[in-house]
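Engineer: sequence first, then the predicted structure, then my questions.
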Amino acid sequence: MQSNNRELVSVIVPIYNVKEYLERCVNSILSQSYENLDIILVDDGSNDGSEVICDSFAKKDKRVNVIHQKNGGVASARNTGLDNCKGEFVCFVDSDDYIHPDFILYLYTKLKDNDCDISMCYHVVTDEWDYKCSVNWDTAVEVYSKEEIFDKFYTNMHGSIIMLWNKMIRRECIGDIRFDDGFIHEDEGTTFRFLYNARKIAFSNEILYIYYSRDESITGIPYDKKRLDILKAYENRLSFYKEHSEKALYDRECQYYLSEILANYYKVSKLLKDKSILSELRFKYREVYNLADRSSWSTGRRGLYFLCKGFPLLYGRIKHTIK
């Protein structure tokens, strides 16, 4: 399928010291069957030679635009990409991952065919250097309204829905929304805003994004205090739902937020043993618990969460959350 006359798609790649993986990532973008691309490589202060590789790609292909900046983290790099992108649609690819040759064309086609603002696909987590997957273009695509996708948000589809890099997003849905600088888990605190601005979302279970598992990635490093940034994402969503009078979503978010606080309390207790953090988490838990409308909770959940006010380790012991 040819794509020469189709709309411009921006692909934003945040880059920091990934020399070993960078060429594979960028080559997977350059070899896309969808050719009308605005590829933005944001070098976030690399000093391992990644910055040189970025410049070499720009010399080889006029679709590649390189931006060098001081190290500010993934969120900062993604924001720089958004501030400089030109496409009517936007995709994000992490620099240690790679994509199927039809990733962009598939998402674009499903988005346009179904009159959607966002399209998304499945991904695979692998340590294979050259993972092979095939695409069935005839596989049925689920189309969700904004209300329906937020209902799915609190199911086992959450991971696919909240991740940033498995999507094509109409630029109008992004607007002036930007990621929180300096925080990890920025997907959790931001992607939902793009979804909220969408009329319809197309979802496919075809695997088109290859998430390369490596020890140095955020998900590969041992648990530390920085992982508590995930709680800011929940706070962002609660504030957003309150501001937009989305009471049902606010109430559901409270439940999940309380669970996340307790899960991290257990991990901090077992792995970090930091009493000051534990004290902060206990305070935060009681604060959210008192704000929550508990009338819709099941009897079991009400009982568990009440007991956890006095015995916060109980949740972790029941759920076996430590990793």
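Structural biologist: Received, thanks. Numbers count the residues shown, from 1 in each chain.

Engineer: contacting residues for residue 29?
Structural biologist: The contact partners of residue 29, by C-beta atoms under 8 Å, 6 or more residues apart in numbering, come to 11, 13, 37, 39, 93, 99. In short, each C-beta sits where N, CA and C put it, glycine included.

Engineer: now those residues as JSON lines including distance to residue 161, secondary structure and pLDDT?
Structural biologist: Formatted as JSON lines, the entries for those read as follows, by distance: C-beta to C-beta, whole Å; DSSP: H, G, I helix; E, B strand; the rest coil; pLDDT from 0 to 100:
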{"residue": "11", "distance to residue 161": "21", "secondary structure": "strand", "pLDDT": "98"}
{"residue": "13", "distance to residue 161": "22", "secondary structure": "strand", "pLDDT": "98"}
{"residue": "37", "distance to residue 161": "25", "secondary structure": "strand", "pLDDT": "98"}
{"residue": "39", "distance to residue 161": "26", "secondary structure": "strand", "pLDDT": "98"}
{"residue": "93", "distance to residue 161": "18", "secondary structure": "coil", "pLDDT": "98"}
{"residue": "99", "distance to residue 161": "19", "secondary structure": "strand", "pLDDT": "98"}
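
Engineer: let me know the closest of these to residue 248.
Structural biologist: For residue 248, the closest of the contacts of residue 29 turns out to be residue 93, at 33.8 Å, with distances computed as C-beta to C-beta.

Engineer: for the helix or strand where residue 58 lies, name the packing helices and strands.
Structural biologist: Residue 58 belongs to helix 50-60 when elements are defined using DSSP states H and E. In this structure, helix 50-60 makes packing contacts with helix 19-30, strand 37-44, strand 64-69, judged by 3 or more C-beta pairs under 8 Å, 6 or more residues apart in numbering; DSSP states H and E.

Engineer: and the angle from that helix to strand 37-44?
Structural biologist: In terms of direction (axes from the mean of the first three to the mean of the last three C-alpha atoms, to 10 degrees), helix 50-60 departs from strand 37-44 by 160 degrees.

Engineer: so which of the helices and strands packed on helix 50-60 is the most packed in?
Structural biologist: Each of the helices and strands packed on helix 50-60 was scored by mean neighbour count; the highest is strand 37-44, a mean of 25, by mean count of other C-beta atoms under 10 Å.

Engineer: just the CA atoms of it, as CSV, please.
Structural biologist: As requested, C-alpha coordinates have been extracted for strand 37-44 and formatted as CSV (Å, rounded to 0.1, in the frame of the first residue of the first chain):
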residue,chain,number,x,y,z
LEU,A,37,6.7,11.3,8.0
ASP,A,38,8.1,14.1,10.2
ILE,A,39,10.6,12.2,12.3
ILE,A,40,11.8,14.2,15.4
LEU,A,41,14.8,12.8,17.2
VAL,A,42,15.1,14.6,20.5
ASP,A,43,18.6,14.0,21.9
ASP,A,44,18.2,14.6,25.6
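
Engineer: partners of that strand, with directions?
Structural biologist: Taking DSSP bridges as the criterion, strand 37-44 pairs within the sheet with strand 9-15 (parallel), strand 64-69 (parallel).

Engineer: who's in contact with the longest one?
Structural biologist: To tie it back to what came earlier, the one meant is strand 9-15. Contacts to strand 9-15, defined as C-beta under 8 Å, 6+ apart, come from residues 22, 25-26, 29, 34, 36-44, 46, 50, 54, 74, 77-78, 81-82, 85-95, 104, 108, 168, 171.

Engineer: same deal with the shortest one?
Structural biologist: By C-beta under 8 Å, 6+ apart, the list of residues contacting strand 64-69 from outside reads 26, 30, 38-45, 51, 54-55, 57-58, 76-77, 80-81, 84.

Engineer: re the thing from before, turn the strands paired with strand 37-44 into JSON lines, including distance to residue 270.
Structural biologist: Listed next are the strands paired with strand 37-44 as JSON lines, based on distance: least, C-beta to C-beta, whole Å:
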{"stretch": "strand 9-15", "distance to residue 270": "32"}
{"stretch": "strand 64-69", "distance to residue 270": "38"}
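
Engineer: wait, residue 195 sits on residue 116?
Structural biologist: No - taking C-beta atoms under 8 Å as the contact criterion, residue 195 and residue 116 are not neighbours in contact, 11.3 Å apart.
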